[in-house]
Every structure is written in structure tokens, then in C-alpha cells.
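[1] pasting the sequence and the predicted coordinates here, then a few questions.
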Amino acid sequence: MTTQLGDTIKALIRAHGPISVTDYFALCLAHPEHGYYRSRQPFGQGGDFITAPEISQLFGEMIGVFMVHAWQRHGTPGDIRLVEIGPGRGTMMADMLRVVARLAPDLYAGMSVHMVETSPKLRDLQRQTLAAHIGKIDWHDSFDEVPRGFILLAANELFDAIPFRQFVKTPTGFRERMVSLDADDELTFSLGVAGIDPALLPAAPAGLPDGTIFEIAPAREAVMGTICARLQEIGGSAVIIDYGYTVTAYGDTLQAVRHHEFDPPLAHPGEADLTSHVDFDRLSRTAAASGVDVNGLMHQGDFLRGLGIVERAQALGRDKDPATQNEIRLAVERLAGEGAGKMGELFKVLLLSHPRIDLRRVRPAGAS
């Protein structure tokens, strides 16, 4: 099946030759006319995937609890910028703001809210979701547009949507993975001429086979550097949540999701969400090198349980009918459950702060 963006990419390859996985990834998600995030509403049951905030209000509420805790640990400063990069439908921010207003009315009254979102369609949805808070909110095309000042920042499933590079082991070394056309004029993977500095490769086991893929994401590290630079200006904290791994390793993690099912990455350009796993090892090292304190790197389940998701779920289900209570219980298990294949373990949470404060597993005053 061809797509409008697929035809555009094929024409580009015919005219200029194969393109890198980086460029293919960027075109699929951000092409100004046919890019996935520019042309579709991807979230929820009617979209292609469901993010944690759409599973249950408990997720966004726990992020709100974290923001109150961070603010208190910083000494309750005034004139706060609460920032979310890649805010989806605005669900997480709505749940965060409800909790912040209840636990810390002074924080809510004195802060401004900043949504970094490039999609006009998603901005419209966010305005509907956040109608009760609209006077406090500004939208920005990039993080650089957020006014300078003390920030509390959240980014959920942001970094997996930032382009990355892939290199393939060959008998003569690693070469960059490209997207080209096969004999039937269909998109296919191929090899380019560019290599990679061997110093960037992790230690390899003996006999690493040809065809092994290594992924590196300079663009993700650049975004992390930008966030850390802002934290250093006046101060603040950030919580970064994404699907990923904690030790840099080899492996192909490029995947596409379409209609809630995995799809071949080259099959439906612009009509499927492309992602890859986030290397939290390299992100943590980037943050530390910038002078920002890496307050913790943990499983999502540990983070949520430390903030009180189990107790909050019990309170939310109190006096509810058995079906509702079971629905709440299943949501907690889905978000914070331990074990292979569960979100509580697959998703990681990176906590950053400047100056150095202790953010780990401590609930804010007033939280229940």
C-alpha cells in the first residue's frame, strides 16, 4: 500500500539517492503536510496508541504530586513556569493542574503554564481539555520560546519521537543504515557509506555478528542539553518518562504502530507512529556533563508507587461500585505493575534538578 508521504519519499530518493533512517524518521513524523503528527490525531482508542495519561487520571495526578514535591524541595519559589513538551491531548496537564491546585494553591496561583506543541490539531484538543485553566496557559512551537525563569518540566514519551541514527555491522566495520528503493520500486533498507567513531560503540561481546545494529541519537542528546541549560539558568526540576533502557547496548528498536498494532516501519509512511527505545544511559550522562544533578533513574512503577499511586487509587475507589474499583485496580497494575513486558518496568523515569536537591520517593506535604 502506498501513502502520500510514501510517494513523496520515493520521489526524493529517485532524485537524490537513499536517505538515512534519521531523515526517514523525521519525514514520517514531522513532514509539514503529510507527517504523522501534523496530519493525524494519534492518541486514544480512536488513534493508533494509548499513552499513560489516557489509561488513567492517576498517572497525571502522580506527576502533579511530583511537581508539588519538587517545588517544596526547592523552597517554594515564586513565578514558576510549569512546562510540558509534547503534551498530547492535554490530559496529563489537566490532571496535574487539578492536583497542584488542591495540594498547593499558592503554587497554582503564582505559576504560568507553557505547552510546547507544534501540531495545530493537537493544540485545538489541548485547548478543549484545558478550558478551565485557559487563562494561565501559553502555547509555543519550541522550548526556546518558553519565557526565562524557574521551571518545573514534564516530558512523557517525548524522546522516543526524536530522530536517531542506525549503524549496521559489516565485515569492514559499522555503516549507516539507509532507506532506498528495491527492484520493485518499494522502500527497503540498505547500507550507506558513512561510518561511526568506534569510541561511541559500547563494549561488544565476542563474535558480534554482521547485521547487528547500533543506535545513537545526537538529536535527543541536544534536546536534553537544551533542557539542562534552562535548568541551570535560574533553577528547577524536570521529570523525563519514556520507553527505554538504562545501559547503552546493541539492537534494532525501530518500530511502527498503526491502529494499536505493530506495523512494518517502511509500510505506511506518515500513517503509522514511528518510535525507538530511548537510551537513558546516554541521556543521563549528557545531563551530568552539563552540570545538572541526575536525581534518579528508575522504573516507572517504582516512581509511581513512591509517589503514592496505590494509596490514591484506594481513595479514588472508595465507595465506588465493584466494577469501577476493579477498573481502577487494573489501571494501577498496567501503569505500575512489575515484571517483564509491563509498563511499570519497560518505562523509565529520569529526574533532574538544579541546584542539587533530593527528589526521590518523597511525597509533598499535604499529599495523601
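    Perfect, I can see it now.

[2] so which elements touch the strand or helix carrying Ile9?
    Ile9 is located in helix 4-16, with elements delineated by DSSP states H and E. Using 3 or more C-beta pairs under 8 Å, 6 or more residues apart in numbering; DSSP states H and E as the contact criterion, the elements in contact with helix 4-16 are strand 19-20, helix 21-30, strand 173-181, strand 187-191. For glycine as for every other residue, the C-beta is placed from the backbone atoms N, C-alpha and C.

[3] what's next to it, contact-wise?
    With contacts defined as C-beta atoms under 8 Å, 6 or more residues apart in numbering, helix 4-16 is touched by 19, 24, 27-28, 31, 33-35, 179-181, 185, 187, 268-271.

[4] please pick the buried ones from these.
    When neighbours are counted using 16 or more other C-beta atoms under 10 Å, the contacts of helix 4-16 contain these buried positions: 19, 24, 27-28, 31, 34-35, 179, 181, 187, 268-271.

[5] thinking again about what came up before, relative to strand 187-191, how tilted is the helix holding Ile9?
    Relative orientation of helix 4-16 and strand 187-191, computed by axes from the mean of the first three to the mean of the last three C-alpha atoms, to 10 degrees: 40 degrees.

[6] could I have the CA atoms of helix 4-16 written out in PDB?
    Only the C-alpha atoms of helix 4-16 are listed here, as PDB (Å, rounded to 0.1, in the frame of the first residue of the first chain):
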ATOM      1  CA  GLN A   4       1.000  10.300   0.000                       C
ATOM      2  CA  LEU A   5       4.100  10.700   2.100                       C
ATOM      3  CA  GLY A   6       5.500   7.400   0.700                       C
ATOM      4  CA  ASP A   7       5.200   8.700  -2.800                       C
ATOM      5  CA  THR A   8       7.000  11.900  -1.700                       C
ATOM      6  CA  ILE A   9       9.800   9.900  -0.100                       C
ATOM      7  CA  LYS A  10      10.200   7.700  -3.200                       C
ATOM      8  CA  ALA A  11      10.500  10.800  -5.400                       C
ATOM      9  CA  LEU A  12      13.100  12.200  -3.100                       C
ATOM     10  CA  ILE A  13      15.100   9.000  -3.300                       C
ATOM     11  CA  ARG A  14      14.900   8.800  -7.100                       C
ATOM     12  CA  ALA A  15      16.100  12.400  -7.300                       C
ATOM     13  CA  HIS A  16      18.900  12.400  -4.700                       C
END
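
[7] just the buried positions in that helix, please.
    Of the residues in helix 4-16, those buried under the neighbour-count criterion (16+ other C-beta under 10 Å) are Leu5, Gly6, Thr8, Ile9, Lys10, Leu12, Ile13.

[8] beyond the lowest-mean-pLDDT helix or strand in the chain, next helix or strand please.
    Counting by mean pLDDT, DSSP states H and E, the weakest-scoring helix or strand in the chain turns out to be helix 36-39, with a mean of 75. Once the chain leaves helix 36-39, the next helix or strand it forms, by DSSP H and E, is helix 52-55.

[9] related to what we said a few turns ago, next, format the buried residues of helix 4-16 as a markdown table and append distance to Ile241.
    What follows is the buried residues of helix 4-16, written out as a markdown table (distance: C-beta to C-beta, whole Å):
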| residue | distance to Ile241 |
| --- | --- |
| Leu5 | 29 |
| Gly6 | 31 |
| Thr8 | 33 |
| Ile9 | 31 |
| Lys10 | 36 |
| Leu12 | 34 |
| Ile13 | 35 |
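
[10] the helices in the stretch 151-300 of the chain, which residues?
    With helices called from DSSP state H, counting those that start in this stretch, the stretch 151-300 of the chain shows them at 218-233, 280-289, 300-307.

[11] winner for burial among those helices?
    For these, average neighbour numbers computed from mean count of other C-beta atoms under 10 Å are highest in helix 300-307, which has a mean of 23.

[12] okay, the least confident helix or strand of the chain in CSV with CA atoms only?
    Listed in CSV are the C-alpha atoms of helix 36-39, where the atom choice follows Å, rounded to 0.1, in the frame of the first residue of the first chain:
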residue,chain,number,x,y,z
TYR,A,36,2.1,11.7,11.2
TYR,A,37,1.9,14.3,14.0
ARG,A,38,0.9,17.1,11.6
SER,A,39,-2.0,15.2,9.9
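
[13] packing partners for it?
    Counting by 3+ C-beta pairs under 8 Å, 6+ apart, the packing neighbours recorded for helix 36-39 are helix 21-30, helix 120-129.
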